[in-house]
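>>> Following is a predicted model, sequence given first.
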Amino acid sequence: FFFSSRRRHTRSASVSWARRCVQETDNAVRTIAIAYKDLAQDEFGARHDQQDSNHKYLAEESDLVLIGLICVKFRVRKGAPETIKFCQQSGIKIIIATGEGEANATISAKECGIIDEANLEGSIFTGGKLMSILGEDPVCEKCHQEKCSCEESQKAPQIIIPKESEKVIHNVSVLCRARPQDKRRLVTGLQEAGYVVGVVGNNTGDIFAMAVANVSLTFGLAGTETAKKHASIIILDDDFSSLLSAIKWGRNIFASLKKFVQFQLTVNLVFIVFEIVSAIVISESALFPVHMLWINLIMDSFASLALATESPSDDLLSTSPHKKDEHLISKRMMKHIIGQAIYQLGVLFLFLFAGEYFLPEIDDTQKNLETGYIRTGRRWGYDGDETDDSLYSKALKEELGPSRHFTIIFTLFVFLQLVNEVNCRKVNDEINIFKGIFSNSFFLIVWISTLILQVLITEFGYRVFRVFKNGLHWKQWLILLAFALGGLVVRLLLLLIPESFCPETGAKRENPEEAPYSELNLRKNHAKIFMERQKGILGVIDEDLKHGLISHILKETNVLIHRKDHNQ
């Protein structure tokens, strides 16, 4: 409060007070002047509410005694500057859209770190100015009309914004004196420029922008009930820094999906190629059906539990946001999928076709007496002959059970996948794949449990899992472990190979509910035009049949209707 004495102020004093009001306003402080006036009993009417031609109260026009000023300072929400800084480092552009004047909005943006003196020019717009640049509605790329009816656009609607608007969209950081429709147009303009837009709003006037945003957020305490109804996410603790948690969890879900996909594709590629080549060359499979069931359990259930349960880390905030049309399987992922698959297939084929030349053996029943190494588990030779004494004949199989050679191949396959599961924890070419591994207890439990179960199956699962009855020798275990750990070395070598030559696949198909509001409106116009042309076909028919026919036509012609207009 700035108190004054009860006296009539001179003109200079009044000017001084006015300047003080302007000064405080420029400092992002709202000023409210408080004054009073002594009135006679019936002065300006019984209720002192007489007005002039401009509907101003006559009692307030003169002779007021100034008591002082109340200055209201809008403080920046706790944690907002730090959160905004992290968002900017994460590749997220922050824009303030407010109904406040330019001075207040600019100062708030500076305090939050959204703008500074170096980038003031061209980054601050009023709602009216922005609307005059972007226009009320988008235009068609083919005929450059707002209400498009051209045939080409009916097939595949294309939305453009004027070329002079593109620079504005990319540069805008503060939108002041913004009406609800101005905020909504800002959101749709950003979407038309290719941005994925999130809106944080608390008031009823924000719901127009929240309704068309890709994701909308509000606060549990400060947000109105209307805002909560239209919000995708409600921040219960009203802490602006909780936005970082939402961003980290969203990115973590996508990262976990990519980890699992990379692991799955590698395992399936190796499994399919190995089985096909084995069936063609040696006329049998080195893996029994029960082995395949166990491998499938590892690939699907165990791997999904291990790779999809990792908690988000702060490292996710240092990566760039994902684009809407980004490929699920990136070139970098494809490089590791192909590289690991080649290594695993090479090792498996080496053990399958040349294991009898280097795998040690101490059991005479499983030893190749000519070479002194393990007897091959193949029943037929490459020429189809099964009379060679070095082969694992049908009689030996009936007498001794499954061969140790094929048991080694089965165990090697599982070990290779366990090592690759660790490799797939990082999908962005990080060098240290073990970073944070001890913070994910679920991954450790699943991985170690799978390893122990595989050892028990190999050593004691003779009757159930069709493995060699005496298990493996310790030298054979060491050889398996060495070749399996080679996958870690291969990953380091793949980091040196550029991924530019690798393909990428898995482009995201657009979700109709996430399409820009303006595009949906344009498509809605196409649907209306289409229905106008079909009047002669529809005629007067039953209402239920009409709704069914309309739905079929819209589905077959790939025309989308905004969800708010379903009843129409």
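Sure, I can see it. Numbers count the residues shown, from 1 in each chain.

>>> Could you look up the next helix or strand downstream of the helix or strand hosting residue 18?
In the assignment (DSSP states H and E), residue 18 maps to helix 11-26. Once helix 11-26 ends, the next helix or strand along the chain (criterion: DSSP H and E) is strand 29-36.

>>> how close does the nearest residue to residue 193 once chain neighbours are set aside sit to residue 69?
Distances taken as C-beta to C-beta, 6 or more residues apart in numbering place residue 169 nearest to residue 193, at 4.5 Å, with adjacent residues excluded. C-beta: built from backbone N, CA, C; applies to glycine. Between residue 169 and residue 69 the distance is 40 Å, computed by C-beta to C-beta, to the nearest Å.

>>> Next: residue 117.
Distance of residue 117 to residue 69, given as C-beta to C-beta: 29 Å.

>>> Pick out whichever of the two has more residues nearby.
With neighbours defined as other C-beta atoms under 10 Å, residue 117 and residue 69 compare such that residue 69 has more, 18 against 7.

>>> what's the pLDDT at the more buried one?
What the model reports as pLDDT for residue 69 is 78.

>>> doesn't it fall inside a strand?
Yes: under DSSP: H, G, I helix; E, B strand; the rest coil, residue 69 sits within a strand.

>>> What strand or helix carries the residue nearest to residue 193?
Going by DSSP H and E, residue 169 is part of helix 163-171.

>>> how about that helix: buried residues?
The neighbour-count check on helix 163-171 (16 or more other C-beta atoms under 10 Å) flags 165, 168, 169 as buried.

>>> I'd like the next helix or strand past it.
Using DSSP H and E, the helix or strand that follows helix 163-171 in sequence is strand 174-176.

>>> Only the buried residues of stretch 343-358, if you could.
Neighbour-count burial for stretch 343-358 [16+ other C-beta under 10 Å]: 343, 344, 345, 347, 348, 349, 351, 352, 353, 355, 356.

>>> now swap in stretch 108-125 and tell me
108, 109, 112, 113, 114, 115, 123, 124, 125.

>>> again, but for stretch 317-327
For stretch 317-327, by 16+ other C-beta under 10 Å, it's 317, 321, 322, 327.

>>> Just the ones in strands from those residues, please.
Among the buried residues of stretch 317-327, the residues falling in strands (DSSP state E) are residue 327.

>>> which of the buried residues of stretch 317-327 sit farthest apart?
317 and 327 (22.3 Å; C-beta to C-beta).

>>> Next SSE downstream of the lengthiest helix in the chain?
Ranked by number of residues, the top helix in the chain under DSSP state H is helix 242-281. Once helix 242-281 ends, the next helix or strand along the chain (criterion: DSSP H and E) is helix 289-297.

>>> List of residues touching that following helix?
267, 271, 287, 410, 413, 414, 417, 457, 464, 465, 466 (C-beta atoms under 8 Å, 6 or more residues apart in numbering).

>>> what two of those residues are the furthest from one another?
267 and 464 (22.6 Å).

>>> Between the two, point out the one with more neighbours.
Shown here are residue 267 and residue 464; by other C-beta under 10 Å, residue 267 has more neighbours (26 against 9).

>>> and the closest residue to that one other than its chain neighbours, what does it touch?
The shortest distance from residue 267 to any non-neighbouring residue, by C-beta to C-beta, 6+ apart, is to residue 299 (4.8 Å). Residues in contact with residue 299 (C-beta under 8 Å, 6+ apart) are 263, 264, 267, 268, 271, 417.

>>> Pretty sure the last one sits against residue 298.
Yes: the pair residue 417 and residue 298 passes the contact test of C-beta atoms under 8 Å, sitting 6.1 Å apart.

>>> more neighbours, these two?
Taking neighbours as other C-beta under 10 Å, residue 417 and residue 298 compare with residue 417 leading, 26 against 21.
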